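Participant: What shape does this take:
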Amino acid sequence: QVQLVESGGGLVQVGGSLRLSCAASGRTHSSYAMGWFRQAPGKEREFVATIDWSGSSTYYADSVKGRFTISRDNAKNTGYLQMNSLKPEDTAVYYCAADTGTSGWSTIPLRYDYWGQGTQVTVSS
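Facilitator: Residues are numbered from 1 along each chain as shown. As a prediction, the model looks like this:
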């Protein structure tokens, strides 16, 4: 099993930045894709970004492309989501997830078998 704990959320003004972290523990010696998803009130959970095991391949939702950067440090068992130029529509609970079925990346929530508890990001105007 893999346990995931997100941190770094908070309240930020429009145009500001936040860096989310996702600390993994448990069966972290196995390769897995890592993804970030978000869910705003009254909306479905949506894909934000994903990264492969090596960290060399990433993919982003169009809504965050050019503003968010996903990365990972496998030596520290930690993933990151750097969020810049934040907008009010970025307000949501952000979740990190691990897909232990692949070392590549994945955009499909159902592929991910482990999830963190989420961290709130609020962008105020």
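
Participant: Show residues contacting stretch 58-66.
Facilitator: Outside stretch 58-66, the residues that touch it by C-beta atoms under 8 Å, 6 or more residues apart in numbering are 46-52, 68, 70, 83, 89-90, 105, 107. Placement of C-beta: from N, CA and C, glycine included.

Participant: Would you point out the most distant pair within those residues?
Facilitator: D52 and E89 (27.3 Å; C-beta to C-beta).

Participant: Which one's more surrounded, these two?
Facilitator: Neighbours around D52 and E89, counted as other C-beta atoms under 10 Å, are more numerous at D52. The numbers are 20 against 9.

Participant: backbone phi and psi for that one, please?
Facilitator: D52 adopts backbone torsions of phi -80, psi 180, taken as degrees, to the nearest 10.

Participant: how about it, what does it touch?
Facilitator: Here D52 is in contact with 33, 58, 103-105 (C-beta under 8 Å, 6+ apart).

Participant: what about 10 Å?
Facilitator: 31-34, 58-59, 72, 99, 102-106 (C-beta atoms under 10 Å, 6 or more residues apart in numbering).

Participant: Am I right that R27 is in contact with L4?
Facilitator: No. With contact defined as C-beta atoms under 10 Å, R27 and L4 do not form a contacting pair (11.6 Å).

Participant: picking up where we left off before, most neighbours of all the contacts of D52, which one?
Facilitator: Most neighbours among those, by other C-beta under 10 Å: M34, with 31 neighbours.

Participant: Look up phi and psi at it.
Facilitator: phi -120, psi 140.

Participant: Tell me the pLDDT of the nearest residue to it once chain neighbours are set aside.
Facilitator: Among residues not flanking M34 along the chain, G79 sits closest, at 4.6 Å (C-beta to C-beta, 6 or more residues apart in numbering). Per-residue pLDDT puts G79 at 97.

Participant: Many thanks, have a good one.
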